[in-house]
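Novice: Can you look at this prediction? I've put the sequence above it.
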Amino acid sequence: MTRLSVNINKIATIRNSRGGNIPDVVQAAINIEKFGAQGITIHPRPDGRHIRYNDVIDLKKVIKTEFNIEGNPTDSFIELVTLVKPEQVTLVPDSHDSITSNAGWNTINNLSFLTSIVKEFKKDDIRVSIFVDPIEEMIEAASKIGADRVELYTEPFATGYIKNRETAIERYIKSAKVAIQCGLGINAGHDLNLINLKYFNQNIPGLLEVSIGHALISDALYFGLEKTVSMYLECLK
């Protein structure tokens, strides 16, 4: 079964909009694990507009499944990750003012830079995933960097799914096969939801983990958090 890692950034966004500690992101993470999710994902950004660096420290104390920290490997991000030592770090090339991640790494142009970053995290036995577009050359270069996994950026799949799901998923299948040939594990994330997740999971060979935040937390407004986590897990069977 593909693992479900729930991104809790949106819970922190709601908290920050009012101040105080409601909703409590730490308690939310505890509950999400209790409801069956196999991981918690966060994406702290320098401006602290959702997950804050102190949240990362607090979450590390309570998460019992997999802790996945996403982000652009700035000096402060690297320092945070090496301090916390999560099970996985996902490197994402977003700028400080990006609303959300909207592209994968050019692993060819950034080969030297990413190689040095990966070596730094490997010193602490942290699994490293590289956020990439479904482009075969970028995946091949990711394997040369020394990454353990790639995370396929799935927004284009989600956008094209309703129009023609077979066409939308075609290059993801090809990319997954290349990743397997290169010895890379496969994660995926961005705009996966209750409509498209099952189809994606059934058709991508070697899919190990999906990271889902915005859609899942939004669905929880209608169905409740426990029921929503259960529904997403059902899509991954």
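Specialist: Looks like it arrived, so ask away. Numbering: from 1, shown residues only.

Novice: what kind of secondary structure is the most centrally placed residue in the chain in?
Specialist: What sits nearest the mean C-alpha location of the chain, by Cα atoms, centre = their mean, is residue 211, with 4.1 Å. For residue 211, the assignment made with DSSP: H, G, I helix; E, B strand; the rest coil gives strand.

Novice: Just read off the phi/psi values of the residue lying closest to it once chain neighbours are set aside.
Specialist: Using Cβ to Cβ, 6 or more residues apart in numbering and skipping residues adjacent in sequence, the residue nearest residue 211 is residue 189, 3.8 Å away. C-beta here means a position set from N, CA and C on the backbone, and glycine is covered the same way. For residue 189, the backbone dihedrals (degrees, to the nearest 10) come out as phi -180, psi 150.

Novice: Residue 189 reaches residue 155, doesn't it?
Specialist: No: if you go by Cβ atoms under 8 Å, residue 189 and residue 155 don't touch, sitting 9.3 Å apart.

Novice: Those two - which one has more neighbours?
Specialist: Using other Cβ atoms under 10 Å, the more surrounded residue of residue 189 and residue 155 is residue 189, with 25 against 16.

Novice: Tell me what the more buried one is bridged to.
Specialist: Here residue 189 shows beta-bridge partners residue 153, residue 211, assigned using DSSP bridges.

Novice: how close does it sit to residue 132?
Specialist: 11 Å (Cβ to Cβ, to the nearest Å).

Novice: Give me the common contacts of these two.
Specialist: Common neighbours of residue 189 and residue 132 (criterion: Cβ atoms under 8 Å, 6 or more residues apart in numbering): 151, 152, 153.

Novice: May I see these organised as TSV, with distance to residue 218 and pLDDT added?
Specialist: Shown next, in TSV, are the shared contacts of residue 189 and residue 132 (distance: Cβ to Cβ, whole Å; pLDDT from 0 to 100):
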residue	distance to residue 218	pLDDT
151	21	98
152	22	98
153	20	97
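
Novice: Among those residues, which one lies nearest to residue 224?
Specialist: When these are compared for distance to residue 224 (Cβ to Cβ), residue 151 wins out at 27.9 Å.

Novice: leaving aside the residues next to it on the chain, what's closest to the closest one?
Specialist: residue 187 (4.0 Å).

Novice: how far out from the middle of the chain is the helix or strand where the one you found lies?
Specialist: Assigned by DSSP states H and E, residue 187 falls within strand 185-189. Computed by Cα atoms, centre = their mean, to the nearest Å, the chain-centroid distance of strand 185-189 equals 8 Å.

Novice: quick one, the longest helix along the chain and strand 185-189 angle?
Specialist: Of all the segments of type helix in the chain, defined by DSSP state H, the longest one is helix 165-181. Counting by axes from the mean of the first three to the mean of the last three Cα atoms, to 10 degrees, helix 165-181 lies at 150 degrees to strand 185-189.

Novice: Name the residues of helix 165-181 that are buried.
Specialist: 165, 168, 169, 171, 172, 175, 176, 177, 178, 179 (16 or more other Cβ atoms under 10 Å).

Novice: Show me what that helix is packed against.
Specialist: Applying 3 or more Cβ pairs under 8 Å, 6 or more residues apart in numbering; DSSP states H and E, one finds that helix 165-181 contacts helix 136-145, strand 149-153, helix 155-161, strand 185-189, helix 197-203.

Novice: Alpha carbons of it, as PDB, please.
Specialist: Extracted C-alpha coordinates of helix 165-181, given in PDB (Å, rounded to 0.1, in the frame of the first residue of the first chain):
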ATOM      1  CA  ARG A 165      -6.900  11.000 -17.600                       C
ATOM      2  CA  GLU A 166      -5.000   8.600 -19.800                       C
ATOM      3  CA  THR A 167      -3.100  11.400 -21.500                       C
ATOM      4  CA  ALA A 168      -2.600  13.200 -18.200                       C
ATOM      5  CA  ILE A 169      -0.900  10.300 -16.600                       C
ATOM      6  CA  GLU A 170       1.200   9.000 -19.500                       C
ATOM      7  CA  ARG A 171       4.400  10.900 -18.800                       C
ATOM      8  CA  TYR A 172       4.100  10.100 -15.100                       C
ATOM      9  CA  ILE A 173       4.100   6.400 -15.900                       C
ATOM     10  CA  LYS A 174       7.200   6.900 -18.100                       C
ATOM     11  CA  SER A 175       8.900   8.900 -15.400                       C
ATOM     12  CA  ALA A 176       8.200   6.300 -12.800                       C
ATOM     13  CA  LYS A 177       9.700   3.600 -14.900                       C
ATOM     14  CA  VAL A 178      12.900   5.700 -15.400                       C
ATOM     15  CA  ALA A 179      13.100   6.300 -11.600                       C
ATOM     16  CA  ILE A 180      12.900   2.600 -11.000                       C
ATOM     17  CA  GLN A 181      15.600   1.900 -13.500                       C
END
